[in-house]
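Undergrad: Here is my input, please return the structure:
(one chain, ligands or ions: 2)
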Amino acid sequence: NLPQNVVLKEVGPRDGLQNEKGVIETKDKIQWIDQLSESGLNYIEVSSFVHPKWIPQLADAGEVLKSIKRQKDVTYAALIPNIRGLMRALEVGIDEASVFMSASESHNQSNINKTIDETFPVLKEVVEEAKKANLTVRGYVSTVIGCPFEGPIAPEKVLRVVDALLEMGVTEVSLGDTIGVAVPTQVEQLLTLLFNHYSPSLFAMHFHDTRGTAIANIVKSLEMGITTFDSSVGGLGGCPYAKGATGNVATEDVLYLLSEMGIQTGVQMESIINAGFFIEQKIGRNLVSKQMEIARKE
Ligand code: HMG
Ligand code: MG
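TA: Ligands and ions are numbered 1, 2, ... in the order given. As a prediction, the model looks like this:
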């Protein structure tokens with residue numbers, strides 16, 4: 001009982017570029033995002049309105065959002081940490097705001113400079129104001145399996161943050177394996193607990209592939225009823241405030257898996273690979289997904 005359709009949410013322009021040492025030129029970001037908009041993706045996380053001192057790579061979020069060519073059937077989202085970030089985003093226009101926090105206290109502190117309990121009212125205000133501005137809101141929970149500071153994270157800690165985000169009114173919760181430690185048995189344990197309380201349709205999975213287990217985790221998630229996955233062209237990505245965090249699972253590798261399993265996404269492999277070749281030139285190193293390596297040899 002696998003799903004017939006899956007939604008892929010492309011986070012490369014945000015999760016990918018936030019973790020690059022170099023800063024990609026604004027015009028190149030715009031050209032890249034415009035390519036992605038024509039690949040059949042219907043969701044792109046374009047950038048992040050966090051403090052530019054914390055993530056200088058995405059300090060041009062406003063400029064990028066102002067200049068991309070928006071397609072009607074694509075949702076353009078951005079990461080929003082607080083009201084100041086939301087105000088910056090509303091000036092240039094986004095379709096969806098993504099609020100974010102962690103299941104582990106120490107990663108939350110390191111990433112957004114607050115305790116978990118201090119974060120709830122900040123995000124609640126963002127959700128309320130975003131809804132008034134007719135945006136939908138997605139909520140990320142980071143470190144849902146393991147934390148770079150605390151090690152394994154109990155599913156109950158994740159449930160507590162999920163409860164709070166859904167109570168605030170987010171329409172989807174994206175569960176982040178921030179440092180790519182998860183294996184399928186752990187994913188199963190977490191989702192079993194969450195699905196005792198909520199429908200699988202409320203969740204997306206956000207796997208980083210640090211240890212090569214992301215595809216296995218995606219298969220497990222599919223079998224359990226998840227139909228939305230975050231991924232990144234070329235496997236770019238990582239959180240600068242989580243030591244050891246490397247790239248997201250590559251969009252093209254997920255695409256191969258899904259299409260060979262007979263699951264539709266509407267996304268064209270060739271366009272994604274071409275977008276990968278475009279951005280790796282700007283970054284100045286080869287991207288290392290399986291499908292990119294295969295395409296390079298052809
Ligand atoms: P803070 O220093 O505690 O902020 O940072 P503050 O509220 O105390 O404000 C300090 C100053 O910053 C003030 O200016 C604010 O106006 C300004 P002053 O009055 O002193 O002149 N300020 C801002 N300026 C511009 N835009 C803003 C903004 N907010 C405050 N939005 C803050 C708190 C959350 C802002 C900071 O910690 C931050 O930006 N953190 C972001 C870190 C980040 O982006 N991490 C990566 C993304 S999360 C991730 O990758 C995980 C994910 O992929 C899922 C997964 O893989 O698990 C989503
Ligand atoms: Mg991430």
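
Undergrad: low-confidence ranges in the protein?
TA: Counting by pLDDT under 70, the chain contains no low-confidence range.

Undergrad: and with 90 instead?
TA: Within the chain, the set of residues satisfying pLDDT under 90 comprises 1, 243-245, 288, 298.

Undergrad: sec struct for the residue of the stretch 101-250 of the chain found nearest ligand 1, please.
TA: Distances between the stretch 101-250 of the chain and ligand 1 by CB to the nearest ligand atom are smallest at Gly176, namely 2.4 Å. Every C-beta, even on glycine, is put in place using the N, C-alpha and C of the backbone. Gly176 falls in the strand class when you classify it by DSSP: H, G, I helix; E, B strand; the rest coil.

Undergrad: For it, give the beta-bridge partners.
TA: Beta-bridge partners recorded for Gly176 (DSSP bridges): His206.

Undergrad: shouldn't it be in contact with Gly146?
TA: No. Counting by CB atoms under 8 Å, Gly176 stays clear of Gly146, with 10.8 Å between them.

Undergrad: neighbour-wise, which of those two wins?
TA: Gly176 (30 against 21; other CB atoms under 10 Å).

Undergrad: what's near enough to touch the more buried one?
TA: With contact taken as CB atoms under 8 Å, 6 or more residues apart in numbering, Gly176 is in contact with 140-144, 206, 208.

Undergrad: Out of those, list just those in strands.
TA: 140-142, 206 (DSSP state E).

Undergrad: And the strands in the chain, which stretches?
TA: Using DSSP E, the strands assigned to the chain run over residues 7-10, 43-48, 75-79, 96-102, 136-142, 146-147, 151-152, 172-177, 203-207, 228-231.

Undergrad: what does this protein put close to ligand 1?
TA: Applying the criterion CB under 6 Å from any ligand atom, the portion of the chain that neighbours ligand 1 consists of 15, 18, 48-51, 54-55, 79, 81-82, 84-85, 88, 100, 111-113, 140, 142, 176, 178, 206, 208, 239, 241.

Undergrad: Show me just the buried residues among those residues.
TA: Applying a neighbour-count criterion of 16 or more other CB atoms under 10 Å, the buried members of the residues of the chain next to ligand 1 are 15, 18, 48-50, 54-55, 79, 81-82, 85, 88, 100, 111-112, 140, 142, 176, 178, 206, 208, 239, 241.

Undergrad: now stretch 222-230, how far from the chain's geometric center?
TA: Here stretch 222-230 is found 14 Å from its chain centre; the criterion is CA atoms, centre = their mean, to the nearest Å.

Undergrad: got it, and stretch 42-53?
TA: Mean-position distance between stretch 42-53 and its chain equals 10 Å (CA atoms, centre = their mean).

Undergrad: Name the residues that touch it?
TA: When contacts are taken as CB under 8 Å, 6+ apart, the neighbours of stretch 42-53 outside the stretch itself are 7-11, 13-15, 18, 29, 33, 36-37, 55, 58-62, 64-65, 68, 73-81, 84-86, 88-89, 94, 98, 230, 266.
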